[in-house]
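Undergrad: kindly return the folded structure for what I paste below:
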Amino acid sequence: MILGIGTDIVEIGRIRDSVTRIGERFLKRLLTQSEMDKYHSINNEEVAAAYVAKRFAAKEAVAKALGTGIGRGLSFQHIEVSNDEMGKPIVNVKPHGNQMMDQPVKWHLSISDEKDYAQAFVILEAI
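TA: Next comes the predicted model:
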């Protein structure tokens with residue numbers, strides 16, 4: 001049974017500007033430590049900006065699927081986006097008090113980026 005869906009689109013340039021203007025403070029608010037480590041391993045500024053933008057879009061989409069949005073007991077730090085060995089995006093949501101997370105769930109995440117935009121789509125499924 002589908003419990004929720006969420007989608008988000010973000011302009012990569014807006015995220016790049018935030019990283020430039022706010023720097024590490026912005027990144028620490030948005031990315032988990034594992035995501036920060038990956039970000040710091042990227043040597044290309046455009047690829048790094050797209051990486052952050054895709055994480056931002058994915059986390060916003062997850063928050064929408066949960067029906068809470070960011071800031072109502074759920075922070076960016078509760079949500080981690082990684083990739084399996086084939087590159088498929090994986091969502092891990094840490095406990096944060098949302099009742100939907102009291103049952104076994106499966107996340108389905110698709111992330112795309114093209115030149116100026118990053119987009120994510122999420123389905124939250126009860127298992």
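
Undergrad: burial of Arg14, as a residue count?
TA: Arg14 is flanked by 14 other residues according to other Cβ atoms under 10 Å. Heads up, the C-betas are built off the backbone N, CA and C, glycines and all.

Undergrad: A strand includes it, no?
TA: No - judged by DSSP: H, G, I helix; E, B strand; the rest coil, Arg14 forms no part of a strand; its state is helix.

Undergrad: what segments of the chain are helices?
TA: With DSSP state H as the criterion, the chain has helices at 12-22, 24-30, 33-40, 45-66.

Undergrad: ranking those by burial, who's on top?
TA: helix 45-66 (a mean of 23; mean count of other Cβ atoms under 10 Å).

Undergrad: out of the helices of the chain, which gets nearest to Ile2?
TA: Ranking those by proximity to Ile2 (Cβ to Cβ) places helix 45-66 first, at 9.3 Å.

Undergrad: quick one: low-confidence parts of the chain?
TA: Of all residues in the chain, those with pLDDT under 70 make up the ranges 96-101.

Undergrad: so for Tyr117, which of the helices of the chain sits nearest?
TA: When those are ranked by proximity to Tyr117 (Cβ to Cβ), helix 12-22 comes first, at 6.4 Å.

Undergrad: compute the inter-axis angle for that closest one and helix 33-40.
TA: Orientation of helix 12-22 against helix 33-40 (axes from the mean of the first three to the mean of the last three Cα atoms, to 10 degrees) gives an angle of 100 degrees.

Undergrad: what sits up against helix 12-22?
TA: If you take Cβ atoms under 8 Å, 6 or more residues apart in numbering as the criterion, helix 12-22 is touched by 26-27, 45, 48-50, 52-53, 56, 113, 115-118.

Undergrad: burial count for Glu114?
TA: 9.

Undergrad: repeat that for Gly6.
TA: The burial count assigned to Gly6 is 22, neighbours taken as other Cβ under 10 Å.

Undergrad: OK, contacts around Ser82?
TA: Residues near Ser82 by Cβ under 8 Å, 6+ apart: Ser34, Glu35, Pro89, Ile90, Asn92.
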